[in-house]
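Novice: here you go, sequence then predicted model.
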Amino acid sequence: MAVVFVLNGPNLNLLGKREPEIYGYTTLAEIEHGLVAAGQAMGLGVDFRQTNHEGVLVDWIQEAREKAAGIIINPAAFTHTSVAILDALSAFSGPIVEVHLSNIHKREPFRHHSYVSRVATGVICGLGGSGYQLALRWMAETLAEPDAGAHWSPR
Ligand code: DQA
């Protein structure tokens, strides 16, 4: 069974308690449970992780080279700062979906730029926890196509 890594960056462990007017009341554990269940229904393994540390995210992205068919990533604040995460993702050859709960383009100007978008196959933002579900559905469709590479390789 193909496995998708779902990687979450700093402060996302506080989801549900942190600025709920921006990020909502759904917790990260609830997002994870919904995603694992959806993965099972679609025949995809979901390896869901969160860290507050940039280097740990880099290590996980490198691990994905061996273990994952695709990556869904919400790098949180590192989205806007991390060349190290951009470089690690550039060395991953499968599809990458960047997800943000909030619409980063509606927020402060420093959130409008994403290093990760340079290498993401696609970006979903502003749809709350549903963004992860939509990303996983796209992954399932893309990974199931025999010529999936043709659709996502240009990046
Ligand atoms: C976020 C948006 C980022 O700008 C912010 O730093 C986060 C969460 C989101 O999911 O909306 O921590 O990635």
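Specialist: Yes, it's here. Numbers count the residues shown, from 1 in each chain.

Novice: can you count the residues close to Gly94?
Specialist: The local packing count at Gly94 equals 21, with neighbours defined by other C-beta atoms under 10 Å. C-beta coordinates here come from the backbone N, C-alpha and C atoms, glycine included.

Novice: what backbone torsions are found at Asp47?
Specialist: Torsion angles at Asp47 (phi, psi; degrees, to the nearest 10) stand at phi -110, psi 100.

Novice: beta partners for it?
Specialist: Listed by DSSP bridges, the beta-bridge partners for Asp47 are Phe5.

Novice: flag the shaky bits of the chain, pLDDT-wise.
Specialist: The chain contains residues with pLDDT under 70 at 146-155.

Novice: for the residue lying closest to Ala69 once chain neighbours are set aside, give me phi and psi.
Specialist: Setting aside the residues directly before and after it, Ala69 is nearest to Ala2 in space (C-beta to C-beta, 6 or more residues apart in numbering), at 4.0 Å. Reported as degrees, to the nearest 10, the phi and psi values for Ala2 are phi -70, psi 140.

Novice: Ser114 contacts Thr79, doesn't it?
Specialist: Yes - between Ser114 and Thr79 there is a contact under C-beta atoms under 8 Å: 4.8 Å.

Novice: what touches both of the two?
Specialist: Shared between the contact lists of Ser114 and Thr79 (criterion: C-beta atoms under 8 Å, 6 or more residues apart in numbering) are residues Glu98, Ile104.

Novice: ok, now which ones touch Ser90?
Specialist: Val119.

Novice: from the ligand, how far off is it?
Specialist: Computed with C-beta to the nearest ligand atom, to the nearest Å, the distance linking Ser90 and the ligand is 20 Å.

Novice: and if you look at Glu32?
Specialist: Between Glu32 and the ligand the computed distance is 15 Å (C-beta to the nearest ligand atom).

Novice: not counting sequence-adjacent ones, nearest residue to that residue?
Specialist: Glu32 sits nearest to Phe48 (C-beta to C-beta, 6+ apart), 4.4 Å away.
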